[in-house]
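Colleague: got a predicted structure here, sequence first:
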Amino acid sequence: MKVVINSCHGGFGLSQAAFRMLDEINTPKEHDEVYLLYNRHDPNLVRVVETLGQKASGEHSELEVVEWPDCVPYKIDEYDGWEKVTIDVAGLLDKHAEEIEKAHTLLAHDLHHYRNHLNILRGME
């Protein structure tokens, strides 16, 4: 899958030209900048960034499209606006937990405790 990230200091942001193109390709209205911030693999967003290049980037961003394996959940890590795509370990474990736990191995036992720990942490957010 393709994922859009920001590759400079400043942070993710879209230009007015990008929003105009999103409107032109009939992107649903709920696909605002907040939606796109959390759904970087949205096909319309990817299309806009690939078509417009740097003209898709907002005032303090340099958007680029990177490849990511379809079968691996991702998250975007950010430092001072610079972003990179990393494995969403919690999402990966959630996705495969049932089949791992059915195996009744040491890994299944550890996974069960790790998922409980994650659920406790999620409750604290």
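Modeller: It's in.

Colleague: please make it C-alpha for all contacts and neighbour counts, starting now.
Modeller: OK.

Colleague: what sits against Thr51?
Modeller: Listed by CA atoms under 8 Å, 6 or more residues apart in numbering, the contact set of Thr51 is empty.

Colleague: pLDDT of the longest helix belonging to the chain, averaged?
Modeller: When the chain is parsed with DSSP state H, its longest helix is helix 106-124. Average pLDDT, helix 106-124: 72.

Colleague: could you do stretch 39-49 as well?
Modeller: Throughout stretch 39-49, pLDDT has a mean value of 96.

Colleague: what's in contact with that stretch?
Modeller: For stretch 39-49, contacts defined as CA under 8 Å, 6+ apart pick out 1-5, 18, 21-22, 25, 27, 36, 56-57, 63-65.

Colleague: just the strands from this structure, written as ranges.
Modeller: Under the criterion DSSP state E, the chain contains strands at 2-6, 63-67, 74-79, 82-87.

Colleague: out of those, nearest to Phe12?
Modeller: Of all the strands of the chain, strand 2-6 sits nearest to Phe12, with 5.3 Å by CA to CA.

Colleague: send me the closest one as CSV with only the CA atoms.
Modeller: Taking Å, rounded to 0.1, in the frame of the first residue of the first chain, the C-alpha atoms of strand 2-6 are listed here in CSV:
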residue,chain,number,x,y,z
LYS,A,2,1.1,3.6,-0.4
VAL,A,3,1.3,5.9,2.6
VAL,A,4,1.7,9.7,2.6
ILE,A,5,4.3,11.2,5.0
ASN,A,6,5.9,14.5,5.7
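
Colleague: show me how far it is from its chain's centre.
Modeller: Offset of strand 2-6 from its chain centre (CA atoms, centre = their mean, to the nearest Å): 8 Å.

Colleague: average pLDDT for it?
Modeller: Strand 2-6 comes out at a mean pLDDT of 98.

Colleague: how is this protein divided into domains?
Modeller: Domain assignment for the chain by automatic domain parsing gives 2-87, 89-124.

Colleague: please identify the most buried of those.
Modeller: Each of the domains of the chain was scored by mean neighbour count; the highest is domain 2-87, a mean of 17, by mean count of other CA atoms under 10 Å.
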